[in-house]
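Undergrad: how would this look folded up:
(2 chains)
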Protein chains: 2
Amino acid sequence: MTLRRGFLTISQWAEKIENALAHPQDVGPIRNIDAGDERPFDAIFIGGGAAGRFGAAYMRAMGGRPLIIDRWPFLGGSCPHNACVPHHLFSDCAAELMLTRSFAGELWFPDLRGKIVSIKEVVDLFRKGRTGPHAVMNYQSKEQLDLEFVLNAPAHILDAGAVEAAGEIFRARALVLACGAAAAPLDAPGAHLLGVHTYASIVETLDKEPGPTIVVIGGGKTAVEYGCFFNATGRRVVMLVRNRPLDMIADGETRGYALDRMREQGVEIVEGAHIVEIIGDAEGRAARVIAETSTGRLEIETDFVFHALGERPHSDMAVETLGVEVDAKGAIVVDDALRTSIPGVYAVGDLIGAPMEMFKARKSGAFAARSIMGEAVKYRAADWPDFLHTHYEVSWLGLGEEAARARYSNVVVLKLPPDTPDGLNVGLPAGDRTMLYAMARPHMSGFQKLILDGDTRRVIGAHHVGYGAKDAFQYLNALVKRGLTIDELGDLDELFLNPTYFIQLARLRAGQRKLTSM
Amino acid sequence: MTLRRGFLTISQWAEKIENALAHPQDVGPIRNIDAGDERPFDAIFIGGGAAGRFGAAYMRAMGGRPLIIDRWPFLGGSCPHNACVPHHLFSDCAAELMLTRSFAGELWFPDLRGKIVSIKEVVDLFRKGRTGPHAVMNYQSKEQLDLEFVLNAPAHILDAGAVEAAGEIFRARALVLACGAAAAPLDAPGAHLLGVHTYASIVETLDKEPGPTIVVIGGGKTAVEYGCFFNATGRRVVMLVRNRPLDMIADGETRGYALDRMREQGVEIVEGAHIVEIIGDAEGRAARVIAETSTGRLEIETDFVFHALGERPHSDMAVETLGVEVDAKGAIVVDDALRTSIPGVYAVGDLIGAPMEMFKARKSGAFAARSIMGEAVKYRAADWPDFLHTHYEVSWLGLGEEAARARYSNVVVLKLPPDTPDGLNVGLPAGDRTMLYAMARPHMSGFQKLILDGDTRRVIGAHHVGYGAKDAFQYLNALVKRGLTIDELGDLDELFLNPTYFIQLARLRAGQRKLTSM
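TA: This is a model prediction of the structure:
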């Protein structure tokens, strides 16, 4: 179908996308190409996910002519379809369920003690709900960003300037590879069994309610995010981790608080675990996980295994057809202008490797567009803020205390709750969405830490476990990169009770000529 | 009792504070004064709330010697005792209850349709829980900030350099008035009846569960914050507003979204209402509210009336004993160095009038300290970010669209959800704590708007209804005050799904030489 002329409402898009997802062949390619524009395309973006869509939008905004080709009937890629968006829904549910269980039978909260709630109902809710965001993004891309695209059509690279899709050959002076990545496979016998899932397959193929025990393989962000959700549903969750769980959290004490709260909720974390095999039953469904650990062999009966062992870039087609250079992990190698080893071919997003984060996908797309349009740009992700979800939001930027002390001789730490003989059982910090904890389960109300270089008085790290602070870290990080001092921080205007107490903590010490910790 | 020598844990403080609140006379003054310090006091802070405590802490950090005197047995003032902290607890409950009611009987949510939940239980939870934060603040003030104070003892001003408290006369070279403010009284017959409450009295004296109908008098922040909580408990709430409700929200469309969601939850808002009388029953308890409105006389049966009509500064003692100059609203007049009309006497916090916000209280306290210690400082609150709670968090900074268009000729607006023929029923924005709405009640997932001056490309306003963005507005405001452009904003690193979509919205348009709205 060809759409260029007509205006499509968001509802109309929703219907179209639902049809195409249900019957991709019947619907066929969705063409939105401006037949009246006689200019050649400046670039073809293969993949309309975060990187491709933002890259194309940037190029269009600059006056260029990009074309997006995507195999799915919507723009936005895996994020709204089976990655970041369902992760956020599940993490919201984990937060909500932990609260509900913490106040079981008190106030208006139902008594969920000993009760398992459905995972499948939440997955089904997501599957029904995800069309809305898809539709908004198609609407925005067509009506507001004036993008041209061919959807519901796989792209086949012919050469560095030509791509076949929907039975047609498209040419451009540049090709931008933006095919993303997918969950790395589990390398163990039984990985193919029913009931063995990744973040994508749980959304796409979950066919029955998981039983009372779930094994999670991995200890990174995704493993923990999904593991905490499964735990919050009332199931036993055993996390089998090769090395250290949540190793990416920069500050040891912050990481400890996050892990302690996970364990308190009953998440079982086994470090040094190596998966031997997943054994199936007669119907080909997972029945038992066998692992080697430092303390011996472990066997766990379960019909649901979730693994999250990193991401593998979708670089195969580009390697086969163009011979682009890739690194040991399959990521396409690019220079600071997002150029691959093949002239005229660019690569962006998860396809170029770590950090596989949204900001890098979008920004690399935009920088590739600028590069193609003749700007002399350089882009290399650096000094970004970061986050993950347990049952909480955990956000951080800059250095942890250990690294700070290794690098600076005069490190000052401001934190809440304070170090005291009473331990953590105090009702501060308190803030939006932690008030019930702060009042009645005080040790659950969060942990936060600000790290300063006492000599320059600059903020060099910030760490937070709680709710409502993640968004702030984006802007705080920008201030820190501009050299934010304790004096400038203490001079900001807080919105009390602010989930990050950094402004007021800074102000309590900023009067000191020689800063001390607190 | 005299405490200076011993180390008190947070638990020990909690016990002490609870005793003193239950039996103030028996416990008597709590003295924490360093008998070994022979220096005179640099300042006596009358009131150890936000302004006094932060002022004293700043002075101490600078090496000065402040003394705090407070009538309560804890430092921190009304905020953690009966103002901002309970407000945040009640607003958290409102958010939580709206979510629970929106998913009544679905997933794991109880079916609260038609059910009223207890207000008194939440108040009691707060009364039990507030001692913890009090104790932390006393601990922090004594052990970490090294402050000297006399608590549980009213201060009597003798002259500009002398104050009596706990039977002792204290002298200092400066006096800092930090006595705060209290809810303005309701000027109507029946205001004294049982069941007529302010934010403070609901915490201190609520003696029985309110009935099924609550009348809220006022349309400002506090009225709306408490009104939405009462509504969320399942009660009929009628808000009687003299002028426009939520008039302080700078952007009209944002205000409209917030009000629409309140009305959707069933809050009844009557504008142009004038309270004639509250009629009591035989036991002296409120039974009926009578108001005049533009459409005639209104009578509402209720046993619970909540009024929030602004704050009146506690300036009487200072006027009577020192003759300090006050304005028409009773606020003490100060210059930019926080000096009152009486030499050596300073005033800070709510006592000096609007904005009666936490950041101003604390910063004015700190600036007064610097002023007294000889620094040539100037402080005048300006260009602060702001927020309030409905069932949502509503945050804003800078100009609303109307004011922006009046002041700038080339205003560019980026917002979500977009203007479409479909209206607001789309699942974006989506973010932390709005995911269930985004998936299943999409029009409830929030509203946000970024306003730019197209000529300079600078951000001139930002507005948000949702969750998880309030903290960010503190730091975003600092960037905006430093001249943040759309190009710089689009170059930040977002933590997706970020509750504020400003970074990515900016990036979608930043490629344009001539910016357009979206």
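
Undergrad: so which residue of the stretch 151-300 of chain A comes closest to chain B?
TA: Nearest residue of the stretch 151-300 of chain A to chain B: residue A:233, at 8.5 Å (C-beta to the nearest C-beta). The way it works is simple: take the backbone N, C-alpha and C, and place the C-beta from them, glycine included.

Undergrad: okay, now that residue: neighbour count?
TA: When neighbours are counted by other C-beta atoms under 10 Å in any protein chain shown, residue A:233 registers 24.

Undergrad: likewise the one 4 residues further on?
TA: Applying other C-beta under 10 Å, we find 25 residues neighbouring residue A:237.

Undergrad: That one and residue A:100, how far apart?
TA: Separation of residue A:237 from residue A:100 (C-beta to C-beta, to the nearest Å): 17 Å.

Undergrad: And stretch A:187-200, end to end?
TA: End-to-end distance of stretch A:187-200 (C-alpha to C-alpha, to the nearest Å): 17 Å.

Undergrad: could you pull out the helices for the stretch 151-300 of chain A?
TA: A:199-205, A:221-232, A:252-264 (DSSP state H, counting those that start in this stretch).

Undergrad: Single out the most deeply packed of these.
TA: helix A:221-232 (a mean of 26; mean count of other C-beta atoms under 10 Å in any protein chain shown).

Undergrad: For that helix, which helices and strands make contact with it?
TA: helix A:84-102, helix A:199-205, strand A:213-217, strand A:236-241, helix A:252-264, strand A:304-307, strand A:386-389 (3 or more C-beta pairs under 8 Å, 6 or more residues apart in numbering or on different chains; DSSP states H and E).

Undergrad: Adding distance to residue B:453 and mean pLDDT, write those out as CSV.
TA: CSV is the format used below for those (distance: least, C-beta to C-beta, whole Å; pLDDT from 0 to 100):
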stretch, distance to residue B:453, mean pLDDT
helix A:84-102, 32, 98
helix A:199-205, 42, 97
strand A:213-217, 49, 98
strand A:236-241, 50, 98
helix A:252-264, 39, 98
strand A:304-307, 49, 98
strand A:386-389, 31, 98
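
Undergrad: Need these in TSV (columns: distance to residue B:155).
TA: Output for the helices and strands packed on helix A:221-232, formatted as TSV (distance: least, C-beta to C-beta, whole Å):
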stretch	distance to residue B:155
helix A:84-102	41
helix A:199-205	60
strand A:213-217	59
strand A:236-241	56
helix A:252-264	40
strand A:304-307	61
strand A:386-389	46
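
Undergrad: any chance of these in JSON lines, plus distance to chain B?
TA: Putting the helices and strands packed on helix A:221-232 into JSON lines (distance: least, C-beta to the nearest C-beta, whole Å) gives the following:
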{"stretch": "helix A:84-102", "distance to chain B": "4"}
{"stretch": "helix A:199-205", "distance to chain B": "12"}
{"stretch": "strand A:213-217", "distance to chain B": "17"}
{"stretch": "strand A:236-241", "distance to chain B": "17"}
{"stretch": "helix A:252-264", "distance to chain B": "16"}
{"stretch": "strand A:304-307", "distance to chain B": "19"}
{"stretch": "strand A:386-389", "distance to chain B": "5"}
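
Undergrad: Run through the bridge partners of residue A:389.
TA: Per DSSP bridges, the residues bridged to residue A:389 are residue A:393.

Undergrad: I figured it was touching residue A:232, is that so?
TA: No: if you go by C-beta atoms under 8 Å, residue A:389 and residue A:232 don't touch, sitting 10.9 Å apart.

Undergrad: joint contacts of the two?
TA: Common neighbours of residue A:389 and residue A:232 (criterion: C-beta atoms under 8 Å, 6 or more residues apart in numbering or on different chains): A:94, A:95.

Undergrad: List the buried residues of stretch A:347-357.
TA: By 16 or more other C-beta atoms under 10 Å in any protein chain shown, the buried positions in stretch A:347-357 come out as A:347, A:348, A:349, A:350, A:351, A:352, A:353, A:356, A:357.

Undergrad: now do the same end-to-end measure for that stretch.
TA: End to end - C-alpha to C-alpha - stretch A:347-357 spans 15 Å.

Undergrad: could you give me the average pLDDT of it?
TA: The average pLDDT for stretch A:347-357 rounds to 98.

Undergrad: And for stretch A:117-137?
TA: Taken as a whole, stretch A:117-137 has a mean pLDDT of 96.

Undergrad: Kindly check the end-to-end length of that stretch for me.
TA: Stretch A:117-137 has an end-to-end distance of 32 Å (C-alpha to C-alpha).

Undergrad: Residue A:504: how many residues sit nearby?
TA: Neighbourhood size, residue A:504 [other C-beta under 10 Å]: 24.

Undergrad: any idea which element it lies in?
TA: Using DSSP states H and E, the element containing residue A:504 is helix A:502-509.

Undergrad: who does that helix touch, helix- and strand-wise?
TA: strand A:411-416, strand A:447-453, helix A:486-490, helix B:50-61, helix B:358-372.

Undergrad: buried ones in the helix or strand of chain A with the lowest mean pLDDT?
TA: Within chain A, no helix or strand scores below helix A:24-27, which has a mean of 91 by mean pLDDT, DSSP states H and E. For helix A:24-27, burial by neighbour count (16+ other C-beta under 10 Å) applies to residue A:27.

Undergrad: Now the terminal residues of stretch A:217-236, how far apart.
TA: One end of stretch A:217-236 to the other measures 14 Å (C-alpha to C-alpha).

Undergrad: err, stretch A:231-242, not the other one
TA: 20 Å.

Undergrad: Tell me if I'm right that residue A:489 and residue A:509 touch.
TA: No: taking contacts as C-beta under 8 Å, residue A:489 lies outside contact range of residue A:509: 10.1 Å.

Undergrad: So which of those two has more stuff around it?
TA: A direct count of neighbours by other C-beta under 10 Å for residue A:489 and residue A:509 places residue A:489 higher, at 28 against 24.

Undergrad: Test my guess that residue A:391 contacts residue A:228.
TA: Yes: Residue A:391 lies in contact with residue A:228 (C-beta under 8 Å); the separation is 5.0 Å.

Undergrad: who touches both of these two?
TA: In contact with both residue A:391 and residue A:228: A:94, A:262, A:265, using C-beta under 8 Å, 6+ apart.

Undergrad: quick one on the thing from earlier: state the distance from the residue of the stretch 151-300 of chain A closest to chain B to residue A:477.
TA: For residue A:233, the distance to residue A:477 - C-beta to C-beta - is 33 Å.

Undergrad: again with residue A:320
TA: In this view, residue A:320 and residue A:477 are 39 Å apart by C-beta to C-beta.

Undergrad: how far does stretch A:431-450 sit from the chain's center?
TA: Put simply, stretch A:431-450 sits 24 Å off its chain's centre (C-alpha atoms, centre = their mean, to the nearest Å).

Undergrad: Stretch A:68-87 now?
TA: Averaging C-alpha coordinates over stretch A:68-87 and over its chain gives two centres that are 13 Å apart (C-alpha atoms, centre = their mean).

Undergrad: Let me know how buried the residue nearest to residue A:172 when sequence neighbours are not counted is, in neighbour terms.
TA: Sequence neighbours aside, residue A:41 is the residue nearest to residue A:172 in space, at 3.7 Å (criterion: C-beta to C-beta, 6 or more residues apart in numbering or on different chains). By other C-beta under 10 Å, 22 other residues sit near residue A:41.

Undergrad: Tell me which residues touch residue A:41, please.
TA: Contacts of residue A:41 (C-beta under 8 Å, 6+ apart): A:65, A:66, A:67, A:170, A:171, A:172, A:173.

Undergrad: cool, residue A:180 as well?
TA: The neighbourhood of residue A:180, defined by C-beta under 8 Å, 6+ apart, consists of A:47, A:49, A:51, A:77, A:78, A:313, A:314, A:349, A:350, A:351.

Undergrad: now swap in residue A:414 and tell me
TA: Neighbour list for residue A:414: A:449, A:450, A:452, A:502, A:505, A:506, A:508, A:509, A:517, A:518 [criterion: C-beta under 8 Å, 6+ apart].
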